[in-house]
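**Q** Predicted model follows, preceded by the sequence.
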Amino acid sequence: MSKANILVVEDEELMRTILRRILEDAGYQVSTADSAENALEIFSTNEIDIILTDIRMAGMDGLELLDRIKTIDEEALVIIMTAYSSVDSAIAALRKGAYDYVTKPFVNEDLLQTIKNALRQRELFQENRALRRELDKHYSFSEIIGNSAALQAVFRLIEKVSTTNANILIQGESGTGKELVARAIHHQSQRANKPFVAINCGALPESLLESELFGHTKGSFTGATGDKKGLFRAAESGTLFLDEVGEIPIPLQVKLLRALQEHEVTPIGATVPLKFDARIVAATNRNLEEEVAKGNFREDLFYRLNVIEIFLPPLRERREDIPLLVKHFVTKTAKEQNSIEKSINKEAMSVLINYQWQGNIRELQNAVERAFILSGDEIDLESLPPKVRSNSKQGFETRDPDGLNPTLEEVERRYVLEIMKSVNQDKALAANILGIDLSTLYRKLKRYDEI
């Protein structure tokens with residue numbers, strides 16, 4: 001385990017030397033600064049665990065240094081050194097966020113114990129931060145259901161790009177879950193505790209969309225009774241999600257391009273641009289490259305948005321995820337209806353798996369909710385929407401001439417084997433994930449000739 005690095009800030013050379021010797025003898029790595037200004041430079045460019053600073057120094061004093069450090073890292077641990085006569089200043093430092101203080105002349109053991117306590121506090125900070133990341137990860141992925149290879153590739157890409165600030169363009173048909181992916185990216189990022197602001201760019205006329213995005217000043221147009229911040233600035237330090245970005249009219253695309261290039265917006269009626277810091281994630285169900293070729297979308301804006309592209313496959317291209325999605329929506333509907341969960345018979349599930357789902361996950365969710373409400377103890381074929389039922393026979397006869405659409409049993413087999421693979425063939429863990437007992441899993445694997 002690496003040594004903790006302590007930054008000693010003291011303008012008296014003799015005291016700096018004494019403190020360095022005490023701390024190095026105790027096994028710590030020590031950096032020193034003879035002024036608060038020098039300390040800020042060291043803190044900004046090095047990994048520092050604890051700052052031990054005198055409160056009275058020439059130039060910037062310890063209290064101001066504390067304020068400056070806290071603006072860089074609000075969880076930084078600062079221990080104040082002060083004389084007995086200046087305890088009131090030390091108490092003021094505690095109110096400003098200092099971890100603790102020690103009085104001069106100090107007992108070495110007391111100083112070292114205070115540092116040990118601070119390091120333990122830092123460990124707790126790090127553990128809590130790691131826990132928050134895990135919780136955010138669970139939250140952000142919990143609504144994106146599926147184990148197909150295509151979806152797993154999306155998960156891996158989300159994890160890679162979330163830590164960056166690059167603009168992201170999510171492409172896919174309506175109902176494939178583009179906003180869920182945008183939220184997952186936000187919750188996986190360092191901006192997770194800041195705002196996630198979403199707008200459907202196709203839902204507003206051009207004049208209102210411009211005001212929503214960039215804001216306006218009081219009196220800039222009829223009805224502008226006060227200043228409006230705009231969503232770019234409302235998403236400060238967070239994420240702005242521009243859904244259906246392909247619907248933005250060409251004149252407004254020019255203003256959007258400038259905002260992305262300069263990281264600033266000019267509200268309607270204002271003459272001075274305002275800086276913003278928001279990560280931009282856009283989504284569209286259109287093929288923007290085709291729209292560029294047609295002259296409906298600016299090429300420079302397309303490349304500015306499409307730094308990283310995430311493509312969400314339609315549901316018909318990941319049919320193995322349908323049983324999982326159906327179970328998820330059944331459970332969700334049961335909770336919303338304050339009802340017990342229902343099973344779904346094989347005939348109904350087979351129809352759901354083989355249906356084309358032009359509306360993708362959103363259409364499947366609506367179908368499952370309807371079936372749940374209209375069915376008896378079990379969801380059957382008759383409880384499915386008429387459109388789904390009427391297309392089922394045609395679908396079996398014409399959509400699968402090459403045997404590409406799997407049967408329910410084949411979907412189950414693939415899913416079980418995928419789970420087994422993901423847990424390194426740990427049958428007990430796989431059975432737990434699948435929600436079946438171990439003996440049932442053994443029977444299934446035997447039927448698949450896997451044991």
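**A** Structure's in. What do you need?

**Q** can you pull the buried residues of stretch 242-261?
**A** 242-248, 252-253, 255-257, 259-260 (16 or more other CB atoms under 10 Å). Where you see a C-beta, it was placed from the backbone N, CA and C, and this is true even at glycine.

**Q** Give me the distance between Phe372 and Gly62.
**A** Phe372 sits 64 Å away from Gly62, going by CB to CB, to the nearest Å.

**Q** So if I had to pick from the two, which one is more boxed in?
**A** A direct count of neighbours by other CB atoms under 10 Å for Phe372 and Gly62 places Gly62 higher, at 27 against 21.

**Q** show me what contacts the residue lying closest to that one once chain neighbours are set aside?
**A** Spatial nearest neighbour of Gly62, excluding adjacent residues (CB to CB, 6 or more residues apart in numbering): Ile55 at 3.7 Å. Ile55 is in contact with Asp61, Gly62, Leu63, Ile80, Met81, Thr82, Ser86, Ser89, Ala90, Ala93, counting by CB atoms under 8 Å, 6 or more residues apart in numbering.

**Q** Need the three-state assignment for Ala348.
**A** helix (DSSP: H, G, I helix; E, B strand; the rest coil).

**Q** Next, count neighbours for it.
**A** Quick note: Ala348 (other CB under 10 Å) scores 25 neighbours.

**Q** so what does the one helix or strand Ile185 maps to touch, helix or strand wise?
**A** Using DSSP states H and E, Ile185 sits within helix 178-188. Applying 3 or more CB pairs under 8 Å, 6 or more residues apart in numbering; DSSP states H and E, one finds that helix 178-188 contacts helix 108-142, helix 149-161, strand 168-171, strand 196-200, strand 239-243, strand 279-284.

**Q** per-residue confidence at the one residue sitting closest to the centre of the chain?
**A** In the chain, the residue lying closest to the centroid (CA atoms, centre = their mean) is His187, at 1.9 Å. Note for His187: predicted pLDDT of 88.

**Q** By mean pLDDT, show me the worst of the helices and strands packed on helix 178-188.
**A** When I compare the helices and strands packed on helix 178-188, helix 108-142 is least confident, with a mean of 73.

**Q** Just say helix, strand or coil for the closest residue to Ile322 other than its chain neighbours.
**A** Excluding the flanking residues, the one nearest Ile322 by CB to CB, 6+ apart is Ile353, at 4.9 Å. Using three-state DSSP, the structure places Ile353 in helix.

**Q** can you map out the strands along this structure?
**A** Taking DSSP state E to define them, one finds strands in the chain at 5-9, 29-33, 50-54, 77-83, 100-104, 168-171, 196-200, 239-243, 264-265, 274-275, 279-284, 308-311, 343-344, 378-379.

**Q** Indicate each strand paired with the fifth one and its parallel or antiparallel sense.
**A** So the one you mean is strand 100-104. strand 77-83 (parallel) (DSSP bridges).

**Q** what's the offset of the partner strand from the middle of its chain?
**A** 37 Å (CA atoms, centre = their mean, to the nearest Å).

**Q** With stretch 63-81 instead?
**A** 28 Å.

**Q** Would you map out the domains in this protein?
**A** For the chain, the domain assignment from automatic domain parsing gives the residue ranges 5-128, 143-313, 317-447.

**Q** now do the same end-to-end measure for the last one.
**A** It stands for domain 317-447. Distance across domain 317-447, first residue to last, is 27 Å (CA to CA, to the nearest Å).

**Q** now swap in stretch 257-270 and tell me
**A** 18 Å.

**Q** From Gly223, how far out is Ile42?
**A** 54 Å.

**Q** Settle it for me: which of the two has more neighbours?
**A** Ile42 (16 against 8).

**Q** you'd agree that one is up against Ala36?
**A** No: the criterion here is CB atoms under 8 Å, and Ile42 misses it with Ala36 at 10.6 Å.

**Q** Under the pLDDT cut-off, which ranges of the stretch 1-150 of the chain? List them.
**A** 1-2, 84-86, 128-143 (pLDDT under 70).

**Q** follow-up on the earlier one: and the contacts of Ile55, which of them are buried?
**A** Gly62, Leu63, Ile80, Met81, Thr82, Ser86, Ser89, Ala90, Ala93.

**Q** does the third one really touch Met57, like I thought?
**A** No: between Ile80 and Met57 no contact is recorded; they are 11.6 Å apart, counting by CB under 8 Å.

**Q** The residue lying closest to Asp110 once chain neighbours are set aside: what's it in contact with?
**A** Of all residues not flanking Asp110 in the chain, Val102 sits nearest, at 6.6 Å (CB to CB, 6+ apart). Applying CB under 8 Å, 6+ apart, one finds that Val102 lies in contact with Ile79, Ile80, Met81, Thr82, Asp110, Leu111, Thr114.
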